[in-house]
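Participant: 3D, please:
(2 chains)
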2 protein chains.
Amino acid sequence: MPDTAPDTAPDDPSLTAYGQLAQHFARIGRIRNALGILGWDKDVMMPAGAGDSRAESIATLNVLCHEMLTDPAVETLLEQAHAPAGSWEAANLAEMRRAYLHAASVPADLVEATSRAASRCEMAWREARRDSDFAMLLPYLSEVLDRTRELAQAKGAALGLAPYDALLDQYDPGTRRTDIDPVFAELRRDLPALIADARAHQAALPASALPAGPFPMHRQEAVGRQVMQALGFDMARGRLDVSIHPFCGGAEDDVRITTRYDENDVLNALMGVVHETGHALYEQGLPPAWHTQPVGQARGMSLHESQSLLMEMQVARSRPFIDWLAPLLRNAFGGDDSDPAWSAESLYHAVTRVRPGFIRVDADEVTYPAHVLVRYQLETALIDGSLALRDLPEAFNAGIFNLLGLTVPNDRLGCLQDIHWPSGAWGYFPTYTMGAILAAQLRQAAFDADPAIGAGIARGDFAPLLDWLRTHVHSQASRLSTPEIIRAATGAAPSTASYRAHLRRRYCGAA
Amino acid sequence: MPDTAPDTAPDDPSLTAYGQLAQHFARIGRIRNALGILGWDKDVMMPAGAGDSRAESIATLNVLCHEMLTDPAVETLLEQAHAPAGSWEAANLAEMRRAYLHAASVPADLVEATSRAASRCEMAWREARRDSDFAMLLPYLSEVLDRTRELAQAKGAALGLAPYDALLDQYDPGTRRTDIDPVFAELRRDLPALIADARAHQAALPASALPAGPFPMHRQEAVGRQVMQALGFDMARGRLDVSIHPFCGGAEDDVRITTRYDENDVLNALMGVVHETGHALYEQGLPPAWHTQPVGQARGMSLHESQSLLMEMQVARSRPFIDWLAPLLRNAFGGDDSDPAWSAESLYHAVTRVRPGFIRVDADEVTYPAHVLVRYQLETALIDGSLALRDLPEAFNAGIFNLLGLTVPNDRLGCLQDIHWPSGAWGYFPTYTMGAILAAQLRQAAFDADPAIGAGIARGDFAPLLDWLRTHVHSQASRLSTPEIIRAATGAAPSTASYRAHLRRRYCGAA
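Facilitator: Numbering: from 1, shown residues only, chains lettered A, B, ... in the order given. Here you go, the predicted model:
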């Protein structure tokens, strides 16, 4: 190492190159932990007047991480460092390299221009969405798209990837369009028939009504805590709080989830808690020895979403889970067990209701992928230039009509509804549906591997399931790629088979 | 600037030397803000299992600040930079220099050895205090004292100060033993008679009883919020929460105070809220333009404590304040206004009761300085070597007997009660009583300057008082030294005159 290296660079020359890198990345990891808490605090605790100064503090720490990551000494050490093939250390080096390339491949002024364009566009988007005014957003979004395409080019060149794959790689390391395209093509083909069958099946069921509220917030919270602890959440290493948009954040040994309560709805906040608990169990199950290292982080957003959807969609919206939950809810809210509204059957119908709609985040399990398929098709076309941004609303509405049979009445209910594109998060959408697919595949493999896993759910015993996930997913962190983790866990490459079977079984009465 | 300077050093050579320093220190300020929130979270929100990883994150950010502060480029720039005499910029440069000298004068291994010795000693102290076992603590405390004396030597040499003054300068920039000694000598001479007179005066008063509880926590909190907002606390730039030990922390535009509630006591938590609100008003009143710069910080612990004690002791424990507060409390807790326990007189007697005791933090306003005088005398003697550490318990007990007439029964109630020495905070104790003295002097000057200030208190109108403090204390930040701020605000050098007159008036019935 040159003796002019800054103090914040790897600085103990008595260590091996790998050891110096590990020390350096641990330091970055400590700062990222701090950022995790500051971000949580911003959304949960911070008084309104502190917005600007908090943004400055967060930006300063992000710049420090970026400087430490792109320090020239890191490149030199990455060239020198080695570790036995197949070891955690080797996987860690690969992740360090990936992080370094992602950070160092983009010129600082492009990073800044992209971030500034996104900030401006996000602000414009809030107005544009309110007024359903795509034309107003167009110049801002155009700037974000241009910068994102440059960024994708730069990262792609450094990583040896096509531009869209380089964006995808930010959220889902190792996943490529060639992994997604065949899966989504299959879904696109089958989805309209599946939705039609599910709705016909639903129409033939007896009518049911949900219990009437109000359901006091503190009781909903108590049930939420009871359920998240039953699922395996460690309260000594995490928290449950309230925020406008539910999320899972925090830091190592301090995983914090949030939900929001509607006193007229007995299930929504709880399903949100279960979803975020799925994310949190993944974070709490990452191997402690690698907490501060790149290889010790969760593998990517598809696998992360698979963990939340496994808990929410595969487990909590299943009939055995609802059979366990129903008496717990009646007990919490003084429900009468002779009232049909409080029956497990009625609650189960409520959490599995299918109804095509315009808003992605309100969509049910069956129609949700339609929203993602449309966005994926459009963002890949926008990035490769085959779709012009001004034609986005028309293309969006056509996509929704084709898959859901709905005519989008305005852009607020159409292409203006999501913050992802305005905020610069291109390449993120497919991870939602890839997550749903992986969740089904993992759940099936777990049930097949150990009958106690499925049998436990109706008794509220989730320990066998969590054990299986700990062993096959959580403890793997980023040692393998997502497809490798899936293959090792399920014995097969990622595929839609379990997912489609699950949907047919739950929603169409298939065996 | 050498072109080998690290990225985290002042790095825009197109700026003046001063401009580069300001940019560099702003960055350090942003990290300190982050540390403020992380520290608050640790004591208020953090789950127990996150202690170790949080400590690592905080340590990493502290080390970063220290590295940035002692960057060789800082020394060079400090030599080159200049600003017009008397300007804020000149004061800022002086504060930068002071911060640099404090940080750079101590070798890194001594910083680390001191911090390690203090961590070990703090842990030992928890056991030693519990078991009242000074002998057990002795080797650990001896190590801390040795390191602290080395540190005081090193800082003193760099700052041109005697060792104890160098320690003092960490907490109270510019204050020296020569400022404290005459003041404390006067107090030492007068205190025993004052305490005797106060107790005689109190014994002659009619008996009174406080209202019986319970006082539900959420109502106490509501009253606390009402009072802190009346005093001028800006809720859009701060919070009130609960912690084991009340404190004022957080960051710029985000000042967070805490208290703890006892459902059997109607006044304790509230007086704590008022005390911390005094600290918080100082922080919220610092000049926004200088928030991230050294000159923009609060001047020191004596002046900080003067602001909390001005609100708690001078204002909230005064009869006019209690006259305003009494109906507010009766209203909050359903108190009967014909019940003598709820009368302003009874509440006033409760908040001004004098009773010598062993524990400093439980002491009343009159006997509190005795605890500080003893500790100051002992820590100066320990630092200059004229007292041997093994003789501390005996010397401590003699000091308490001389000033309070109490025989300390064991070291748990004696020299083991405070965390300051074990944790390495030597030179801190005198700031408590210096703060009490300055509070009285400032309160008197404010009342003399504007009759509306005193008159407002009985009506719950604290705006005139806050205006005066904003102008004469808060907005000055660290532009002047503490004695200079006091002289400009009160027209006189710091003195005990107002303080002694206040105590005689309130506690001995003097005119």
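Participant: and A:Trp426, that one's in a strand?
Facilitator: No: assessed with DSSP: H, G, I helix; E, B strand; the rest coil, A:Trp426 is coil; it does not lie in a strand.
Participant: I'd say it and A:His420 touch.
Facilitator: Yes: at 7.4 Å, A:Trp426 counts as touching A:His420 under the criterion of CB atoms under 8 Å. Using the backbone N, CA and C atoms, a C-beta is placed for each residue, glycine as well.
Participant: okay, those two: which has more neighbours?
Facilitator: Counted by other CB atoms under 10 Å in any protein chain shown, A:Trp426 and A:His420 do not tie: A:Trp426 has more neighbours, with 25 against 15.
Participant: what about that one, distance to chain B?
Facilitator: Distance, A:Trp426 to chain B, using CB to the nearest CB, to the nearest Å: 28 Å.
Participant: pLDDT at that residue, what is it?
Facilitator: Listed pLDDT for A:Trp426 reads 97.
Participant: check contacts around it.
Facilitator: A:Leu145, A:Thr148, A:Ala152, A:Leu167, A:Glu379, A:Leu382, A:Ile383, A:His420 (CB atoms under 8 Å, 6 or more residues apart in numbering or on different chains).
Participant: which residues touch the closest residue to the last one other than its chain neighbours?
Facilitator: Just to be clear, that refers to A:His420. Leaving aside its chain neighbours, A:His420 sits nearest to A:Tyr428 (5.6 Å; criterion: CB to CB, 6 or more residues apart in numbering or on different chains). A:Tyr428 is in contact with A:Tyr171, A:Met301, A:His420, counting by CB under 8 Å, 6+ apart.
Participant: if we can go back for a sec, just the buried members of the contacts of A:Trp426?
Facilitator: A:Leu145, A:Thr148, A:Ala152, A:Leu167, A:Glu379, A:Leu382, A:Ile383 (16 or more other CB atoms under 10 Å in any protein chain shown).
Participant: where's the last one, which helix or strand?
Facilitator: Under DSSP states H and E, the secondary-structure element containing A:Ile383 is helix A:368-384.
Participant: residues touching that helix, excluding its own?
Facilitator: Around helix A:368-384, the neighbours that count as contacts under CB under 8 Å, 6+ apart are A:145, A:148-149, A:152, A:163-164, A:167, A:177, A:180, A:184, A:187-188, A:191, A:195, A:356, A:360, A:363, A:387, A:389, A:392, A:395-396, A:399-400, A:403-404, A:415, A:418, A:420-421, A:426-427, A:429-430, A:432-433, A:436.
Participant: interface residues of the stretch 151-300 of chain A facing chain B?
Facilitator: A:Asp234, A:Met235, A:Ala236, A:Arg237, A:Gly238, A:Arg239, A:Ala251, A:Glu252, A:Asp253, A:Asp254, A:His291, A:Thr292 (CB under 8 Å from any CB of the partner chain).
Participant: and with 7 Å instead?
Facilitator: For the stretch 151-300 of chain A, the contact set with chain B under CB under 7 Å from any CB of the partner chain comprises A:Met235, A:Ala236, A:Arg237, A:Gly238, A:Arg239, A:Ala251, A:Glu252, A:Asp253, A:Asp254.
Participant: just the angle between the helix or strand harbouring A:Asp179 and helix A:368-384, please?
Facilitator: Assigned by DSSP H and E, A:Asp179 belongs to helix A:177-203. Taking axes from the mean of the first three to the mean of the last three CA atoms, to 10 degrees, one finds helix A:177-203 and helix A:368-384 inclined to each other by 150 degrees.
Participant: next, the buried residues of helix A:177-203.
Facilitator: Here helix A:177-203 shows A:177, A:179-180, A:183-184, A:186-188, A:191, A:194-195, A:197-199, A:201-202 as buried, counting by 16+ other CB under 10 Å.
Participant: of those residues, which is the nearest to chain B?
Facilitator: Checking the buried residues of helix A:177-203 against chain B by CB to the nearest CB gives A:Asp179 as the nearest, at 34.1 Å.
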